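*Asks:* Sequence plus the predicted model coming up.
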Amino acid sequence: AQSVSQHNHHVILSEAASLELGCNYSYGGTVNLFWYVQYPGQHLQLLLKYFSGDPLVKGIKGFEAEFIKSKFSFNLRKPSVQWSDTAEYFCAGRSAGNNRKLIWGLGTSLAVNP
Amino acid sequence: DAGVTQSPTHLIKTRGQHVTLRCSPISGHKSVSWYQQVLGQGPQFIFQYYEKEERGRGNFPDRFSARQFPNYSSELNVNALLLGDSALYLCASSLDWSLAVWGEQFFGPGTRLTVL
């Protein structure tokens, strides 16, 4: 079965620390991958996405993710986090053969201490 | 500009009852998707509608149904509520179904349903 797994459920960092949140997917073939973020009290919003081309994808607010096909991974990174990055982060993906159904990870709760 | 709106924000029902949740997409958006998010988990896809037709369905029982109206707003209906239906129900809209596929969808604040 298709699945998306996120390695860390809760992450606590200090400001200026580097961030890497793990995401692995189980599909084979062509995949489309996404990272969404939900800030406290706000709606889910798209951070970045990968469909094809350059495996290093840049998103909003200084986030980036790298698609590594051999490792079935799509990890989210930010070199220096800020207190305002405190949020819930979700990785999601779909196989190219299933156009409408996004499979979501369980989410990672990030707390950044000032 | 108004974003995706959902009503009600909170709802408490008892087992066996029926519930209707409503969603108004962003003006001009023709596609609406519904998700269920149980506490501590990621969203689970329920339905996608485009131009009043169902374009996708997740692994949910027939107790779950939805429809889209000519103004592109949508309703999600759940019959014979179970305790396990307690969740945050999210609506997301996009300009068309292909953009929803591309991840260009905008989420509403959700309806928190509690089944007692």
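*Replies:* Yep, it's here. Numbers count the residues shown, from 1 in each chain, chains lettered A, B, ... in the order given.

*Asks:* next helix or strand past the helix or strand of chain B with the lowest mean pLDDT?
*Replies:* Least confident helix or strand of chain B, by mean pLDDT, DSSP states H and E, is helix B:97-101 with a mean of 64. Elements were assigned by DSSP states H and E; along the chain past helix B:97-101, the next helix or strand is strand B:106-107.

*Asks:* so what strands line up beside that next one?
*Replies:* Strand pairing for strand B:106-107, using DSSP bridges, gives strand B:87-94 (antiparallel).

*Asks:* And for the partner strand, what's in contact with it?
*Replies:* A:44, B:4, B:6, B:21, B:23, B:25-26, B:29, B:31-39, B:43, B:72, B:74, B:76, B:100, B:104-108, B:110-113 (C-beta atoms under 8 Å, 6 or more residues apart in numbering or on different chains). Just so you know, the C-beta spots here come from the backbone N, C-alpha and C atoms, and that holds for glycine as well.

*Asks:* Quickly note the distance from the most centrally placed residue in chain A to A:Trp104.
*Replies:* Nearest residue to the geometric centre of chain A (C-alpha atoms, centre = their mean): A:Trp35, 3.6 Å. For A:Trp35, the distance to A:Trp104 equals 11 Å [C-beta to C-beta, to the nearest Å].

*Asks:* Between those two, which contacts overlap?
*Replies:* Going by C-beta under 8 Å, 6+ apart, residues that sit against A:Trp35 and also against A:Trp104 are A:Phe90, A:Cys91, A:Ala92.
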